[in-house]
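Visitor: would you be able to build a 3D model of this:
(one chain, ligands or ions: 1)
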Amino acid sequence: MAHFTRFEAGPAADWPTWEFAHPAFSRPTRGKLFLRERVRLTGMEVSLNSLPPGAAVPFLHTHRAHEELYLFLSGSGEFVVDGERFAVQPGTVVKVDPAGARSWRNSGEMPLTYVVVQAKADSVTCDTIADGEVVKDVAPW
Ligand code: ZN
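Guide: Next comes the predicted model:
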């Protein structure tokens, strides 16, 4: 069995067409693609997201056990955690503890695209460099 799973998400310009059936809403959420099942992740959930201009996540949410990392790729928006509001733009990285009540909106003229990584808080067991091991095989380039 291969030690990897590959998936082509396509260009970010196509991300708004994705639909996700959120159990809390009668209509599907557009512009969200979860990757856990597609690439068989076992220690994290990752989603690719595109929020159109003028759109907002219409609720605050927390998590029971997972921390989240939001990595903004394009567009501009506003984020709120526990009542503290701040701007987000390409390159903004926001880590939110499980208990942080969060929401965000697109305040710009372009789609707000971002990646969300979700993993169990306090689950990293060692420094990431210490977890890596160089193998004997030579890289093909
Ligand atoms: Zn979340």
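Visitor: can you show me the strands along this protein?
Guide: Secondary structure of the chain (DSSP state E): strands at 19-20, 29-30, 32-34, 45-51, 66-74, 77-81, 84-88, 93-96, 102-106, 112-120.
Visitor: just checking: what are the partner strands of the fifth one?
Guide: In the sheet containing strand 66-74, its partner strands are strand 93-96 (antiparallel), strand 112-120 (antiparallel), by DSSP bridges.
Visitor: quick one: mean pLDDT for the first one?
Guide: I take that to be strand 93-96. The average of the pLDDT scores along strand 93-96 is 98.
Visitor: contacts for it, please.
Guide: Contacts to strand 93-96, defined as CB atoms under 8 Å, 6 or more residues apart in numbering, come from residues 67-72, 79, 81, 88, 102. Where you see a C-beta, it was placed from the backbone N, CA and C, and this is true even at glycine.
Visitor: whichever of these end up buried, select them in ChimeraX.
Guide: Selection of the buried residues among those in ChimeraX, burial being defined by 16 or more other CB atoms under 10 Å:
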select :67,68,70,71,72,79,81,88,102
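Visitor: list the residues that contact the residue most central in space within the chain.
Guide: For the chain, the residue sitting closest to the mean C-alpha position, by CA atoms, centre = their mean, is residue 116 at 1.0 Å. With contact set as CB under 8 Å, 6+ apart, residue 116 has these partners: 45-47, 49, 68-71.
Visitor: same thing but 7 Å
Guide: Counting by CB atoms under 7 Å, 6 or more residues apart in numbering, residue 116 makes contact with 46-47, 49, 68, 70.
Visitor: now pLDDT and distance to residue 107 too, for these, in a markdown table please.
Guide: Listed next are the contacts of residue 116 as a markdown table, based on pLDDT from 0 to 100; distance: CB to CB, whole Å:
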| residue | pLDDT | distance to residue 107 |
| --- | --- | --- |
| 46 | 98 | 24 |
| 47 | 97 | 21 |
| 49 | 98 | 16 |
| 68 | 98 | 20 |
| 70 | 98 | 15 |
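Visitor: give me the number of residues near residue 74?
Guide: Per other CB atoms under 10 Å, the neighbour tally for residue 74 reads 16.
Visitor: thanks a lot, catch you later.
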